[in-house]
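[1] Output the structure for:
(chains A, B and C)
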Amino acid sequence: MHKYSKFDKETINKLKEFQIKLSKKILLEDCFDKINTVAGVDIAYKNNKAFASLVIIDTNLRIKAIHTLETKVYFPYIPGFLAFRELKPIVLLAKRFINEYDILFVNGHGIAHPRRFGIASHVGVLLKKPTIGVAKNLLFGNIGKKIYENIFEIIYGNNVLGYLVNVNKKKFYISPGNRISLKSCLSVFLKFVKKNPIELAHVYANMFKNGIKPFI
DNA sequence: GCGACAG
DNA sequence: ATCTTGTCGC
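    From the prediction side, this is the model:
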């Protein structure tokens, strides 16, 4: 039994086709004006339950709100198909507060994905909202040339799909999800890196999982 | 055929 | 991601 053979080839192929079909709706251009607030979303797990948190931050790096949502999960983790596991809680929560942030940071990749449709792109297409994928590990593509002291390109063939950013000994793989340009996904990430929305969401998702919610 | 593989 | 002891480093 191999680790990721939970579904037959036919099912996997249909999911792949679905991703490819939806990926055509991605816009890699900036569909936003002035950024006033951004949000980060992440999920912690306990048994078969997902504990999601959405943290909203303003440009002064102040936390404006922390929201949570709990749902059951039914789909396993399969590399390349993370969205089918985490989409429901993320979309439900992000949609509820959709007018309270300008850009959404999602834990996982955007277009740096085998079918250019990682979870950040999937969420962005469903919400019709600018999203940025922020991952701690590389899934697809290779590390290309250094463009700054601590920043490298993520490339596939001749295409740049995103960036590897080194911050405080930690690596972040950044790629556009939807409705944002390659260039802006990097600059926006850097703008909030001192109060990384994904890391904050991670902390609060875990607190929520453990029954603590001193939330704003 | 073999290895790699977001969370 | 989660489970989980001791251990290394600031």
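[2] Check whether A:Ile132 sits in a helix, strand or coil.
    strand (DSSP: H, G, I helix; E, B strand; the rest coil).
[3] Near DNA strand C, which residues of chain A? Just list them.
    Proximity of chain A to DNA strand C, by C-beta under 7 Å from any atom of the strand, involves residues A:Ile43, A:Ala44, A:Tyr45, A:Lys46, A:Tyr77, A:Lys136, A:His202, A:Asn206, A:Lys209. Glycine gets a C-beta too; all of them are placed from N, C-alpha and C.
[4] Strands of chain A, start to end?
    A:37-46, A:49-58, A:63-72, A:103-107, A:131-135, A:142-148, A:151-156, A:159-167, A:170-178 (DSSP state E).
[5] Show the buried residues in the residues of chain A next to DNA strand C.
    A:Ile43, A:Ala44, A:His202, A:Asn206, A:Lys209 (16 or more other C-beta atoms under 10 Å).
[6] ok, now which ones touch A:Tyr45?
    Applying C-beta atoms under 8 Å, 6 or more residues apart in numbering to A:Tyr45 gives the contacts A:Phe51, A:Val73, A:Lys209.
[7] go again using 10 Å as the cut-off
    Contacts for A:Tyr45 (C-beta atoms under 10 Å, 6 or more residues apart in numbering) come out as A:Phe51, A:Val73, A:Tyr77, A:Arg85, A:Glu86, A:Ala205, A:Asn206, A:Lys209.
[8] coming back round to it: ok, which of the buried ones among the residues of chain A next to DNA strand C also contact DNA strand B?
    Answer for these near DNA strand B (C-beta under 7 Å from any atom of the strand): A:Ile43.
[9] Generate CSV for the buried ones among the residues of chain A next to DNA strand C, with pLDDT and distance to A:Lys191 as supplementary columns.
    As requested, those are exported to CSV (pLDDT from 0 to 100; distance: C-beta to C-beta, whole Å):
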residue, pLDDT, distance to A:Lys191
A:Ile43, 98, 24
A:Ala44, 97, 26
A:His202, 96, 19
A:Asn206, 95, 25
A:Lys209, 95, 29
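[10] And the buried ones among the residues of chain A next to DNA strand C, which two are furthest apart?
    Across those, the two members that end up farthest from each other (C-beta to C-beta) are A:His202 and A:Lys209, 10.8 Å apart.
[11] intersection of neighbour lists for the two?
    Shared contacts of A:His202 and A:Lys209 (C-beta under 10 Å, 6+ apart): A:Ile43, A:Ala44, A:Ser53.
[12] which of those lies closest to DNA strand C?
    Checking the shared contacts of A:His202 and A:Lys209 against DNA strand C with C-beta to the nearest atom of the strand, the nearest one is A:Ala44 at 3.5 Å.
[13] so where's chain A uncertain?
    A:1-5, A:214, A:216 (pLDDT under 70).
[14] one step back: just the buried ones among the residues of chain A next to DNA strand C now: which is nearest DNA strand B?
    Comparing those against DNA strand B with C-beta to the nearest atom of the strand picks out A:Ile43 as the nearest, at 6.1 Å.
[15] got the contact list for that closest one?
    So A:Ile43 contacts A:49-53, A:69, A:71, A:73, A:85-86, A:89-90, A:93, A:107, A:201-202, A:205-206, A:208-209 (C-beta under 10 Å, 6+ apart).
[16] Give me the buried entries from those residues.
    With burial judged by 16+ other C-beta under 10 Å, the buried subset of these is A:50-53, A:69, A:71, A:73, A:85-86, A:89-90, A:93, A:107, A:201-202, A:205-206, A:208-209.
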